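In: The following block contains a protein sequence and its predicted model.
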Amino acid sequence: MNETALLLARMQFAANITFHILFPTITIALGWILLFFRLRFKATRDAKWEEAYYFWTKVFALTFALGVVSGITMSFQFGTNWPGFMEKVGNIAGPLLGYEVLTAFFLEATFLGVMLFGRGRVSERTHLIATFLVAFGTTMSAFWIIALNSWMQTPVGFEIINGKFHATDWLAIVFNPSFPYRFTHMLIASGLTASFLVAGVSAWQVLKRVDSAATYSALKTGLIAAAILIPIQIFVGDMHGLNTLKHQPAKVAAMEGLWHTEKGAPLVLFGIPDKTTQTNRYAIEVPKLASLILTHELDGELKGLNEFAGKHPPVAPVFWAFRIMVGTGMLMLAVSWLGVLYLRKRTPATMPKPYLILLSLMVFSGWTATVAGWYVTEIGRQPYIVYGEILVAEVVAKHPTGVVGFSFAAYLLLYVGLLIAYIAVVKRLAEKPSRGQALNLPVRADLNRQTRTPLPQAGEGQG
Amino acid sequence: MQFLNTALPLIFMAIMGLAMLAYVILDGYDLGVGMLLPRAANDAEKDLMVASIGPFWDANETWLVLGVGILLIAFPYAHGLILTALYLPVLAMLFGLTLRGVAFDFRMKAGDSKKPFWNQMFVLGSFVAAASQGWMLGSYITSFRTDALTLSFNALIALTVPATYVLLGAGWLIMKTDGDLQTRALGWARLATIPFAVGIAAISVATPLVSEIIFNKWFRLPDFFALLPIPLLSAAAVLALWHVTGRKRIVDAGYGWIVFAATVLVLILATLGLAYSIYPFIVIDRMNVWEAASSTSSLVIIAIGTAITLPAIIGYTIFVYRIFWGKATDLSYGG
């Protein structure tokens, strides 16, 4: 296995998982937002909630489809490119992935059909339950995947016999030290991504004058959810960072651009990490702040990259990704709180135009922050695949460079094409929201009280 | 413990076989409908054909994830070996499934001018996915040999599987549609029956020839007679297919489901035959199920989960099929 083929395999996996995470990041939380719209409609019988639900279901279905197909691709990547991973840790990774398929994947995939196309065929209650099960399924899916990912970051509860990992404590494996932080961080990230998507698309609709009462309610929902979630996310992110310092100090050193161990380490706001001189060029620093944040002492000692020679991640990508994530988060805080302040005196229709433009520009800001965050944690785990235990280079499949190069190029082309198509279609849906279509729907209040589903007679069509 | 060491890998091999069979039948019919899309008379018919599979395709595809998942979870050593050997066909299949999966939404949402393009991607994706699965099946049965004869055999299977899916898809449309579309679906089923029968026969002949062990298993006495029902029942099912697809009045009398059911019966028998052939191997003549299996304690954990969830999955799958029972109608998010 040469270096180029390994790098190509890593880049291919990175491309696949980056593309994949874009869509679940939206659907995990958008599922709950849709359930919220349904519940509001059920409580108020106001048609605007019905319309908001109807519109966002279209976006949800499209996003879900992209998540499914890219997820199936992911499930094959382990075997095609990283067979050594399952050979070594299959006893631990296997059950976690298995439970994901059994408890989450089937649930969401099966009830999605009822959620999308079942209205009019099932009672409102059954439809509500189907919507709940889809949202629950996507969240469970995240639970198992994050459990596995966190175990790879902070592996516990195992013993190694003849080079193979064996589970000794399943509870410790699932609820490993970094799991609670990473899982919470990811769920809130999803909430923020969906909130800014909903608010951003709605702002665009106001600007394009295709707005309605449903648009305003959706915009408000998105903004208020974002304004509530972002401070919690900053707090959780900070806890997650402290947890990382405890278990993966090399990652934190790379995030902070801390080349040498020091007491009273400064916080590097900006700089260009230079691995040859082991310094940050053009650095703008706040004295002692990194030590204060991470150790809660002005002169606390922070371990530098020099302590982990040959076993620390590449510094520049982790350093930059971290700043992009934090920067986007701060922007989210400012924009969502400003929006909530506006909402006290104005309706979305009368918000200042520059603000609506800003909100539209931030429509995919959740993607930026989420992907940057994942790059911090995943590149930050390098050179290991299971931190401190197995190197990435040990588990890669021995394909010729040309083959991996070909598949990587093919995936990249496909993904760029699909991403352009996705964004174009979301824009098109936003600008042609087919108002009124939802209002023509039978409200089916009668179905409310019915327990039986008005199905076509079973067997009728099977002749 | 000794009992579990022996039994669990076999149980998981059986569950994996069931998941794969469920996948072939379920995603088979929706990929088949996808390949039949160009035969639709007009745009409305295309929409109806897609509507007949719309609520199901996602869950259908999940059986593939379960099948490969069990290979990954229960047989990690075979998983790496098989999937690295099938690198390019897997890539092709994933491309096909991706294009087909996103086309469901894009063809309806990207605008009228782009609809023909996404219809084409729908068809192309369905065919590429089916053909690459056929190629993989061929490679798997022939134990990944790369001589010219084997490759031409793989190519034959690569065309057989799309034909099988078309037959399933046509059988599905016979049940889910009526009128003109149903009549034509009957004709498509008849056309697909020929390559389907040839392909199944080719696989049945080829498998014993690949390995002497498999040959002896089938042709020693008295096993030969005990196994005879498998080919005989298959032949009877194919004859039934031929009979029904030539007679519209049987469909009109309410027996159109026979086309789908007979195809499923052949696939079940073929799976049983294949399972008998390769047992106890997971990679023919190279690795058996016990050599490939995870640790028993991990298998127990998954076995418990599977025993609880699989019946639930089957239960709610049936529930959802019942919701969408009967002839297909245009799909809408509204009701």
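Out: Structure's in. What do you need? Residues are numbered from 1 along each chain as shown, chains lettered A, B, ... in the order given.

In: When you work out contacts or count neighbours from here on, use the C-alpha atoms and nothing else.
Out: Noted.

In: next structured bit after the lengthiest helix in chain A?
Out: Longest helix of chain A, by residue count under DSSP state H: helix A:3-44. Proceeding N to C from helix A:3-44, the next assigned helix or strand is helix A:47-81, under DSSP states H and E.

In: Now do that next one, average pLDDT.
Out: With pLDDT averaged residue by residue, helix A:47-81 scores 89.

In: Can you name the secondary structure element that comes next after it?
Out: Assigned by DSSP H and E, the successor of helix A:47-81 is helix A:83-100.

In: Setting the sequence-adjacent residues aside, check what's closest to the closest residue to chain B within the stretch 251-400 of chain A.
Out: Here the stretch 251-400 of chain A gets closest to chain B at one residue, residue A:397, 7.1 Å apart by C-alpha to the nearest C-alpha. Of all residues not flanking residue A:397 in the chain, residue A:81 sits nearest, at 5.0 Å (C-alpha to C-alpha, 6 or more residues apart in numbering or on different chains).

In: How are the strands of chain B distributed by residue range?
Out: B:281-283, B:287-288 (DSSP state E).

In: Buried deepest among those strands, which one?
Out: Neighbour counts (mean count of other C-alpha atoms under 10 Å in any protein chain shown) averaged over each of those peak at strand B:281-283, with a mean of 21.

In: How far does that strand sit from its chain's centre?
Out: Strand B:281-283 sits 20 Å away from the centroid of its parent chain (C-alpha atoms, centre = their mean, to the nearest Å).

In: That one and chain A, are they touching?
Out: No. Strand B:281-283 stays clear of chain A (C-alpha under 8 Å from any C-alpha of the partner chain), getting no nearer than 14.9 Å.

In: List the strands paired with that strand, with their directions.
Out: Neighbouring strands of strand B:281-283 in its sheet, by DSSP bridges, are strand B:287-288 (antiparallel).

In: Next up, phi/psi of the residue of the stretch 251-400 of chain A closest to chain B, please.
Out: Phi and psi for residue A:397, reported as degrees, to the nearest 10, are phi -70, psi 150.

In: Next one, pLDDT for it please.
Out: Residue A:397 is given a pLDDT of 82.

In: Kindly confirm whether my reading is correct that it touches residue A:85.
Out: No. Residue A:397 is not in contact with residue A:85 according to C-alpha atoms under 8 Å; the separation is 9.6 Å.

In: List of residues touching stretch A:418-437?
Out: A:51, A:55, A:59, A:62, A:201-202, A:204-205, A:208, A:210, B:106, B:109-110 (C-alpha atoms under 8 Å, 6 or more residues apart in numbering or on different chains).

In: Quick one: which of those is the most crowded by neighbours?
Out: With neighbours defined as other C-alpha atoms under 10 Å in any protein chain shown, the most crowded of those is residue A:202; it has 30 neighbours.

In: circling back: let's have the strands of chain B in CSV, adding distance to residue B:45 and mean pLDDT.
Out: CSV is the format used below for the strands of chain B (distance: least, C-alpha to C-alpha, whole Å; pLDDT from 0 to 100):
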stretch, distance to residue B:45, mean pLDDT
strand B:281-283, 43, 86
strand B:287-288, 48, 88
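
In: can you redo those as TSV with distance to residue A:379?
Out: Shown next, in TSV, are those (distance: least, C-alpha to C-alpha, whole Å):
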stretch	distance to residue A:379
strand B:281-283	35
strand B:287-288	36
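
In: Output the longest helix belonging to chain B.
Out: Per DSSP H, chain B has its longest helix at helix B:2-36.

In: For that helix, buried residues please.
Out: Counting neighbours by 16 or more other C-alpha atoms under 10 Å in any protein chain shown, one finds that the buried residues in helix B:2-36 are B:5, B:8-10, B:12-13, B:15-36.

In: helices and strands around the longest helix of chain A, which ones?
Out: helix A:47-81, helix A:124-153, helix A:179-207, helix A:365-379, helix A:401-431 (3 or more C-alpha pairs under 8 Å, 6 or more residues apart in numbering or on different chains; DSSP states H and E).

In: Determine which stretch of those helices is the most buried.
Out: Taking mean count of other C-alpha under 10 Å, helix A:179-207 is the most buried of the helices and strands packed on helix A:3-44, at a mean of 25.

In: Tell me which helix or strand comes right after that one.
Out: Downstream of helix A:179-207, the first helix or strand assigned by DSSP H and E is helix A:213-247.

In: Point out the other helices and strands that that next one packs with.
Out: Looks like helix A:213-247 contacts helix A:47-81, helix A:179-207, helix A:249-256, helix A:289-295, helix A:315-345 (3+ C-alpha pairs under 8 Å, 6+ apart).

In: For burial, what's the neighbour tally of residue A:389?
Out: Counted with other C-alpha under 10 Å, residue A:389 comes out at 11.

In: do residue B:311 as well
Out: 11.

In: Now do it against residue A:399, distance only.
Out: Computed as C-alpha to C-alpha, to the nearest Å, the residue B:311 to residue A:399 distance reads 39 Å.

In: and if you look at residue A:66?
Out: For residue A:66, the distance to residue A:399 - C-alpha to C-alpha - is 28 Å.
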